[in-house]
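> would you be able to build a 3D model of this:
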Amino acid sequence: MSKKTRLILTMVVMEAALASIWWYLARYGLDNPDRVTPDFQAIVGQTMGMAMGALLGVGVVLLFFAAGKDRKAMADKIRR
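Residues are numbered from 1 along each chain as shown. Sure thing, here's the model as predicted:
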């Protein structure tokens, strides 16, 4: 499995984990309105959206590095 494929698979799993945490917190806020502040939903949305966006941004940069390493490994394999 190439580094690029492993990175994509890892990013999908991490984004899914963050999405499930976001879903849990959103449901918690809806089910327990007396236990959370009035701006709970907005804060959870901003925080989790920022976390998911930052992870996706880092993932894009890492994807370029992984693609470069895959190309270099393929060139080394062909040279041998």
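> can you give me the helices in this protein?
Counting by DSSP state H, residue ranges of the helices within the chain are 3-31, 40-79.
> can you name the residues that contact the residue nearest to L7 when sequence neighbours are not counted?
Closest residue to L7 apart from its sequence neighbours, by CB to CB, 6 or more residues apart in numbering: A66 at 4.7 Å. (C-beta placed from N, C-alpha, C; glycine too.) Contacts for A66 (CB atoms under 8 Å, 6 or more residues apart in numbering) come out as S2, K3, K4, R6, L7.
> switch the cut-off to 7 Å
Going by CB atoms under 7 Å, 6 or more residues apart in numbering, A66 touches K3, K4, L7.
> what number of residues lie near the residue nearest to L18 when sequence neighbours are not counted?
Spatial nearest neighbour of L18, excluding adjacent residues (CB to CB, 6+ apart): M52 at 5.1 Å. Using other CB atoms under 10 Å, M52 has 16 other residues around it.
> quick one on the thing from earlier: and which of the contacts of A66 is nearest to V60?
Nearest to V60 out of the contacts of A66 is L7 (CB to CB; 10.1 Å).
> I'm done for today, thanks for sticking with me.
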